[in-house]
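Visitor: Just the structure for this:
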Amino acid sequence: MNIIPGIKKLFQFLFVLALLISFIASAKSRRIVKNIERSITTYISFPVEKYIVQKWNADIASAKINFSVKGPFGMVHGSISGLNSSLLFDEDQLAASSIRASVDAKSISTGIKLRNNDLQKEKYFNSDKYPLFSFQSDKIQKSGTGYIAIGNLTMKGVSKKVEIPFSFTEKGNAGIFKGSFSIQRQDFGIGTEGGAIGSTVSIDLEVPVTK
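Guide: Residues are numbered from 1 along each chain as shown. Okay, the predicted model is just below:
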């Protein structure tokens, strides 16, 4: 009995079976690899696109930071300059948006030089020790037709939580932030309680920006 042909057929069958298994495994591997690549791509690219927030550059020369407070002879109006800011804002990405800004305490101008100098003293701003007023947002949320930036305002070494309602208008590669809020000066140790100077200081902001 000649068994060689049978052995040959068996080897041929096993060889074809091995190729088939290899092909199936290879195809499955390719599918697995593709699924992994797809998952990695989704995991990496989706959040990156989702959380990229537009950075806006403030036009420092055109920015307006004005304040008003009751004085002994009527309302005192003044301005502050020296803005330094980091503005990340996208109305569709409020959770990832943030505002950080500071101004130069020594830049305060009320139109009267003697009063400007007096405000720099320890009783008021003590600007030699505390040269900056700063704000850092914790969160930004929608409010009516505008927004509210909630965060810490630091003046004269004292930090207090404040809410700054603001609007933002975008036109092409430019935009403008506008906001108004008020503070109680005694909260920050500015001046003494009572007297001829009012307790409430109103602050108006107008900051043109570009991309």
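
Visitor: Assign residue 95 to helix, strand or coil.
Guide: Secondary structure state of residue 95, per DSSP: H, G, I helix; E, B strand; the rest coil, is helix.

Visitor: And for it, nearest residue in space, chain neighbours not counted?
Guide: residue 139 (7.6 Å; C-beta to C-beta, 6 or more residues apart in numbering). Yep, even glycine has a C-beta here, placed from its N, CA and C like the rest.

Visitor: what comes up buried for the top strand by length along the chain?
Guide: If you go by DSSP state E, the chain has its longest strand at strand 158-171. Within strand 158-171, the residues that count as buried by 16 or more other C-beta atoms under 10 Å are 162, 164, 166, 168.

Visitor: Run through the bridge partners of residue 165.
Guide: residue 148 (DSSP bridges).

Visitor: show me the contacts for it.
Guide: Counting by C-beta atoms under 8 Å, 6 or more residues apart in numbering, residue 165 touches 143, 146, 147, 148, 179, 180, 181.

Visitor: just to revisit the earlier point, and the residue nearest to residue 95, what pLDDT?
Guide: With respect to pLDDT, residue 139 scores 98.

Visitor: isn't it right next to residue 147, touching?
Guide: No - contact criterion C-beta atoms under 8 Å: residue 139 and residue 147 do not qualify, at 10.4 Å.
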